[in-house]
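*Asks:* from the sequence below, what's the structure:
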Amino acid sequence: MTPIFSIIIPCYNQANFLGDTLASVLKQSFKNWECLIIDDGSPDNTAEIAKEWEKNDCRFKLYQKENGGLSSARNHGLSKAKGEYIQFLDADDCLNESKLTKCYNEHVKGVQLVVTSFEHIKNGKISPPFCTLRQEYLDFDNILLKWDGEFSIPIHCGSFSKNIIGNLTFNEGLKAGEDWIFWLNIFEKKPDVTFINESLVFYRLHEKSITKNIQVMIEHKTRAQLTIFDLLNEKYKRLFFERFSLEAITRREELFNIYRNREKRIKNRIKVFFKKLTR
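*Replies:* Numbers count the residues shown, from 1 in each chain. The predicted structure is shown next:
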């Protein structure tokens, strides 16, 4: 039977959390799914854990590949997905048991994208999210200009119809901001979108998360901003510059450290970015 949902789980060195993540998939009230576990060259026992789940339930499918990063693993999952709808889920996060059911109930009405709210898990305890999502945020302009200011959307809050994703992929050159670009690419297509104001996703906070590496996050978000800027028309370039320049001022110490310490290519791209807007 062809699955309705493809759940794509990229995994690199998250064996400690993978069992909880897969258990949250198994508990879904909606049963017609496949779960693609993409082992991105993990040196830990990720593959062994995944094989046990695969052996016990054929809906779990392990794919192993050389390490290429989070975006590469997600893209590999997209290339293997057979479902009509795509649910991304990181290997340290979890889904509420009704996530797929409630998203499916909207999809069958013709909705191409369903977004839900989320909560955090830290040390086994649930806590409020870092931002409050709203229906009015779900358009291209807001995601371009208010991202990381008023809100951002964890990728697993979304449930995407495969036809709205089409040939889109995640930027494999980025370790941060790649989900922002993916959301922008989706909303550039003007999808039919519905927001469910329920916390149906649990975003785990822990010390090994890449978001804890401030230097990497700042460097790659800067790269993401420059990538986005290059793709915008003149109207949006001006608006985005106004937003970006304010952020540059408020993060001046961090950006200065990147400018001073990181490779020359990044320095030159930042120079070009500002030069274009000051002509």
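
*Asks:* going forward, measure contacts and count neighbours with C-alpha atoms only.
*Replies:* OK.

*Asks:* what about the helices in this protein?
*Replies:* Secondary structure of the chain (DSSP state H): helices located at 15-26, 46-56, 70-80, 99-107, 140-145, 162-165, 178-187, 214-231, 234-250, 252-261, 264-277.

*Asks:* can you add distance to Val193 and give the ones you listed back as CSV?
*Replies:* Shown next, in CSV, are these (distance: least, C-alpha to C-alpha, whole Å):
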stretch, distance to Val193
helix 15-26, 23
helix 46-56, 33
helix 70-80, 21
helix 99-107, 9
helix 140-145, 12
helix 162-165, 11
helix 178-187, 9
helix 214-231, 22
helix 234-250, 22
helix 252-261, 35
helix 264-277, 33
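
*Asks:* let me have those in TSV, extended by distance to Asn32 and mean pLDDT.
*Replies:* Rendered in TSV, the data for the helices of the chain read as follows (distance: least, C-alpha to C-alpha, whole Å; pLDDT from 0 to 100):
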stretch	distance to Asn32	mean pLDDT
helix 15-26	11	96
helix 46-56	16	96
helix 70-80	16	97
helix 99-107	9	98
helix 140-145	31	96
helix 162-165	16	97
helix 178-187	25	97
helix 214-231	36	80
helix 234-250	41	79
helix 252-261	46	56
helix 264-277	45	58
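
*Asks:* for Leu62, find the nearest of those.
*Replies:* Closest to Leu62 of the helices of the chain, according to C-alpha to C-alpha: helix 46-56, at 6.3 Å.

*Asks:* quick one: contacts of that closest one?
*Replies:* Contact with helix 46-56 is made by 11-15, 18-19, 37, 39, 60-62, 64, as judged by C-alpha atoms under 8 Å, 6 or more residues apart in numbering.

*Asks:* at 7 Å instead, please
*Replies:* Defining contact as C-alpha atoms under 7 Å, 6 or more residues apart in numbering, one finds that helix 46-56 is touched by Asn13, Gln14, Ala15, Asp39, Phe60, Lys61, Leu62.

*Asks:* looking at these, which has the most residues close by?
*Replies:* Asp39 (24 neighbours; other C-alpha atoms under 10 Å).

*Asks:* show me what contacts it?
*Replies:* Asp39 sits next to Pro10, Cys11, Tyr12, Thr46, Ala47, Tyr63, Gln64, Lys65 when contact means C-alpha under 7 Å, 6+ apart.

*Asks:* for Gln225, see how far away the fifth one is.
*Replies:* The one in question is Ala47. Separation of Ala47 from Gln225 (C-alpha to C-alpha, to the nearest Å): 35 Å.

*Asks:* more neighbours, the two?
*Replies:* A direct count of neighbours by other C-alpha under 10 Å for Ala47 and Gln225 places Ala47 higher, at 22 against 19.

*Asks:* state the distance from His107 to Leu113.
*Replies:* For His107, the distance to Leu113 (C-alpha to C-alpha) stands at 7 Å.

*Asks:* can you check Lys189 too?
*Replies:* Here the criterion is C-alpha to C-alpha. By it, Lys189 lies 11 Å from Leu113.

*Asks:* quick one, which of these two is more surrounded?
*Replies:* A count of neighbours by other C-alpha under 10 Å puts Leu113 above the other of Lys189 and Leu113, at 24 against 12.

*Asks:* just the buried residues of the longest strand seen in the chain, please?
*Replies:* Longest strand in the chain, counting residues (DSSP state E): strand 193-204. Of the residues in strand 193-204, those buried by neighbour count under the rule 16 or more other C-alpha atoms under 10 Å are Val193, Thr194, Phe195, Ile196, Ser199, Leu200, Val201, Phe202, Tyr203, Arg204.

*Asks:* can you pull the contacts of the last one?
*Replies:* Neighbour list for Arg204: Asp92, Asp93, His120, Ile121, Lys122 [criterion: C-alpha under 7 Å, 6+ apart].

*Asks:* which of those residues are buried? Put it as a PyMOL command.
*Replies:* Buried members of these, defined by 16+ other C-alpha under 10 Å, are picked up in PyMOL with:
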select buried, resi 92+93+120+121
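
*Asks:* pLDDT added to the contacts of Arg204, as CSV?
*Replies:* Shown next, in CSV, are the contacts of Arg204 (pLDDT from 0 to 100):
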residue, pLDDT
Asp92, 93
Asp93, 95
His120, 93
Ile121, 88
Lys122, 84
